[in-house]
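Peer 1: all I have is the shape, not the residue letters:
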């Protein structure tokens, strides 16, 4: 009878060790999540992980343009009179970040704050007096002129 008790304890101990080992292996296989960027219009908030991110190191210049063209699937609608609120993880703000509209920088200097508001009308003014229906917005984390990460969003005119 005591032999049956010991066998059961051994099986449970082996199962526990196996579960812990499997859990550690599973965790080590996971990628570390990238910092997040958020766009809010009214009560609608869209959050995205980076299209390109190299753990705080510079991303190759030839990759940046391609990263900004990637479709994140993160879309938010805005009317001309709305305010578009951008929020970034403090890790992004510490380095500095710039907003790009359709692949072109919209600001001269990187922003070091975690939050910023811009009128939606700034994103929908088209050339030759026309207004665009959709605008691709990228948040680019920068440090000393080098891009460290890219987060993409699409703004649709409501």
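Peer 2: The structure has been received and is ready for your questions. Keep in mind the model is a prediction, meaning the values are calculated, not measured.

Peer 1: and the chain, what are its domains?
Peer 2: Per the record, the chain has its domains at 1-30, 37-157, by automatic domain parsing.

Peer 1: can you redo those domains as TSV with mean neighbour count and mean pLDDT?
Peer 2: Quick note: C-beta positions are derived from backbone N, CA and C, even for glycine. Converted to TSV, the domains of the chain look like this (neighbours: other Cβ atoms under 10 Å; pLDDT from 0 to 100):
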stretch	mean neighbour count	mean pLDDT
domain 1-30	9	54
domain 37-157	16	92
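
Peer 1: gap between the spatially most central residue of the chain and residue 135?
Peer 2: Computing the C-alpha centroid of the chain and ranking residues by Cα atoms, centre = their mean puts residue 49 first, at 2.6 Å. Per Cβ to Cβ, to the nearest Å, residue 49 is found 21 Å from residue 135.

Peer 1: picking up where we left off before, and the closest residue to the residue nearest to the centre of the chain other than its chain neighbours, how many neighbours does it have?
Peer 2: Leaving aside its sequence neighbours, residue 49 sits nearest to residue 34 (Cβ to Cβ, 6 or more residues apart in numbering; 4.7 Å). For residue 34, the tally of surrounding residues (other Cβ atoms under 10 Å) stands at 20.

Peer 1: list the contacts of residue 34.
Peer 2: 49, 50, 53, 149 (Cβ atoms under 8 Å, 6 or more residues apart in numbering).

Peer 1: any idea which helix or strand carries the residue nearest to residue 57 when sequence neighbours are not counted?
Peer 2: In space, and not counting its chain neighbours, residue 57 is closest to residue 148: 7.0 Å by Cβ to Cβ, 6+ apart. Taking DSSP states H and E as the criterion, residue 148 maps to strand 146-157.

Peer 1: do residue 92 as well
Peer 2: helix 90-95.

Peer 1: repeat that for residue 84.
Peer 2: Using DSSP H and E, residue 84 sits within strand 83-88.

Peer 1: who does that strand pair up with?
Peer 2: strand 37-41 (antiparallel), strand 115-119 (antiparallel) (DSSP bridges).
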